[in-house]
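A.B. asks: All I have is the shape, not the residue letters:
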């Protein structure tokens, strides 16, 4: 379940703090995703279901665009 944040009740400094905290969490998650993408690429995860590449596998299973999938693998 996703918690709904009532932003109208927050002070400006609380909104700013939430921005920073959220961006840090997103960055941590993206770094982990990239790490897993690279590991999957190294192991040939795309071939598990007949995808021609890890990049194609990521597009198929996550809905990522081509450049996003390639970027995740390269960043890992």
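C.D. replies: Perfect, I can see it now. Keep in mind that this is a model prediction, so the values were computed, not measured. Numbers count the residues shown, from 1 in each chain.

A.B. asks: Helix or strand next in line after the longest helix seen in the chain, which one?
C.D. replies: For the chain, the longest helix by residue count, based on DSSP state H, is helix 12-43. Using DSSP states H and E, the helix or strand that follows helix 12-43 towards the C-terminus is helix 54-62.

A.B. asks: Pull the residues that contact that following helix.
C.D. replies: By CB atoms under 8 Å, 6 or more residues apart in numbering, the list of residues contacting helix 54-62 from outside reads 37, 40-41, 44-46, 48-49, 51, 64-66, 69-70, 72-73. (Glycine included, C-beta is placed from N, CA and C.)

A.B. asks: What mean pLDDT does stretch 18-32 get?
C.D. replies: The average pLDDT within stretch 18-32 is 96.

A.B. asks: Next: stretch 61-76.
C.D. replies: Mean predicted confidence for stretch 61-76 is 95.

A.B. asks: For the most centrally placed residue in the chain, which residues are in contact?
C.D. replies: Centre of the chain computed as the mean C-alpha position; nearest residue by CA atoms, centre = their mean is residue 30, 4.1 Å away. With contact set as CB under 8 Å, 6+ apart, residue 30 has these partners: 72, 75.

A.B. asks: one more time with 7 Å, if that's ok
C.D. replies: Residue 30 makes contact with no residue, according to CB atoms under 7 Å, 6 or more residues apart in numbering.

A.B. asks: Would you mind measuring from it to residue 54?
C.D. replies: Here residue 30 is placed at a distance of 17 Å from residue 54 (CB to CB, to the nearest Å).

A.B. asks: How about residue 27?
C.D. replies: According to CB to CB, residue 27 and residue 54 sit 22 Å apart.

A.B. asks: Settle it for me: which of those two has more neighbours?
C.D. replies: Comparing residue 27 with residue 54 by other CB atoms under 10 Å, the one with more neighbours is residue 54, at 23 against 10.

A.B. asks: still on that earlier bit, measure how far the longest helix of the chain is from the centre of its chain, please.
C.D. replies: Centroid displacement of helix 12-43 relative to its chain, using CA atoms, centre = their mean, to the nearest Å, is 7 Å.

A.B. asks: Same question for stretch 59-76.
C.D. replies: What separates the centre of stretch 59-76 from the centre of its chain is 9 Å, taken as CA atoms, centre = their mean.

A.B. asks: All set, thanks.
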